[in-house]
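Asks: have a look; sequence and predicted model below, questions after that.
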Amino acid sequence: MAETLGALLNRQASAITGREQERAQLARLLEADGPVVAYVHGLAGVGKTTLLHAFAADARAAGAVTVELDGHVTYPTQRAVLSSLGAGEEPRLEDAVAALGARGEQVVLIVDTFELLHMVDHWFCRTLVPALPAHVRVVIAGRQAYDYLICIETGRVIEFNSEKLKKLRDEICQQHGFDPLSHQFHIYGISREAKSDGKKKPALGTREVQ
Ligand SMILES: Nc1ncnc2c1ncn2[C@@H]1O[C@H](COP(=O)(O)OP(=O)(O)OP(=O)(O)O)[C@@H](O)[C@H]1O
Ligand SMILES: [Mg+2]
């Protein structure tokens with residue numbers, strides 16, 4: 001019989017350059033004495049999704065059942081997350097964790113684009129994950145940055161993380177008796193490239209007079 005699409009997808013997912021060390025680290029999740037949760041983080045485009053696809057193929061080849069959830073697809077609400085785990089119309093935590101556990105003898109929940117689920121990340125990590133059956137393993141991947149410089153001329157986005165901003169956030173929250181779960185800080189402005197480009201070209205609506 002001709003090769004199936006599933007087999008082809010598995011082969012493509014495994015065909016990545018390098019990342020042997022990261023794949024080996026994730027593969028330890030499948031070992032009896034290995035870690036139970038892994039967090040893959042990094043800047044945009046660094047290869048998190050590609051690594052997750054390769055790991056998912058590795059995990060399936062080792063006999064595990066993989067269940068994938070993506071912040072691009074699932075709304076950042078508890079209800080949507082529970083529904084996508086198979087809890088039905090009226091999702092309850094107990095039903096969702098039971099449904100996930102029933103998928104197989106070894107189940108790996110793979111959550112990608114976790115930064116888009118930041119509204120529920122506290123609940124996810126503190127409530128959902130601890131409630132999962134012991135034969136479920138979890139891999140979470142998301143962008144590392146919380147702070148962004150956004151150039152309004154070129155559209156370039158520069159990501160950064162600032163401990164100082166995080167500290168300031170915590171101080172402000174404390175003053176208001178507010179528990180911070182996550183934050184994003186966007187600075188809109190003109191990047192270095194846009195400024196040096198602007199020196200070469202006349203600005204819109206002006207004329208160069210020599
Ligand atoms: N190890 C790799 N081998 C081959 N191609 C790779 C590898 N890592 C990433 N790529 C390629 O780089 C591009 C970006 O990778 P990917 O989408 O995995 O990044 P990401 O970290 O998930 O980005 P984002 O933060 O936007 O979700 C893709 O086209 C992918 O095919
Ligand atoms: Mg990605």
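Replies: Received, thanks. Residues are numbered from 1 along each chain as shown. Ligands and ions are numbered 1, 2, ... in the order given.
Asks: what about residue 58, how many residues nearby?
Replies: By other C-beta atoms under 10 Å, 20 other residues sit near residue 58. No exception for glycine: its C-beta is placed from N, CA and C like everyone else's.
Asks: same question for residue 45.
Replies: By other C-beta under 10 Å, neighbour count at residue 45 equals 9.
Asks: now swap in residue 169 and tell me
Replies: If you count neighbours by other C-beta under 10 Å, residue 169 ends up with 17.
Asks: in what helix or strand does residue 173 lie?
Replies: If you go by DSSP states H and E, residue 173 is part of helix 163-175.
Asks: which residues of this structure lie near ligand 2?
Replies: By the rule C-beta under 5 Å from the ion, the part of the chain lying against ligand 2 is 48-49.
Asks: how about the helices in this structure?
Replies: Assigned by DSSP state H, the helices in the chain fall at 5-14, 20-27, 48-61, 78-84, 93-101, 121-123, 129-131, 163-175, 192-200.
Asks: quick one, which of those helices is nearest to ligand 1?
Replies: Nearest to ligand 1 among the helices of the chain is helix 48-61; the distance by C-beta to the nearest ligand atom comes to 3.3 Å.
Asks: residue 140 contacts residue 36, correct?
Replies: No. Residue 140 lies out of contact with residue 36 (C-beta atoms under 8 Å); the separation is 11.9 Å.
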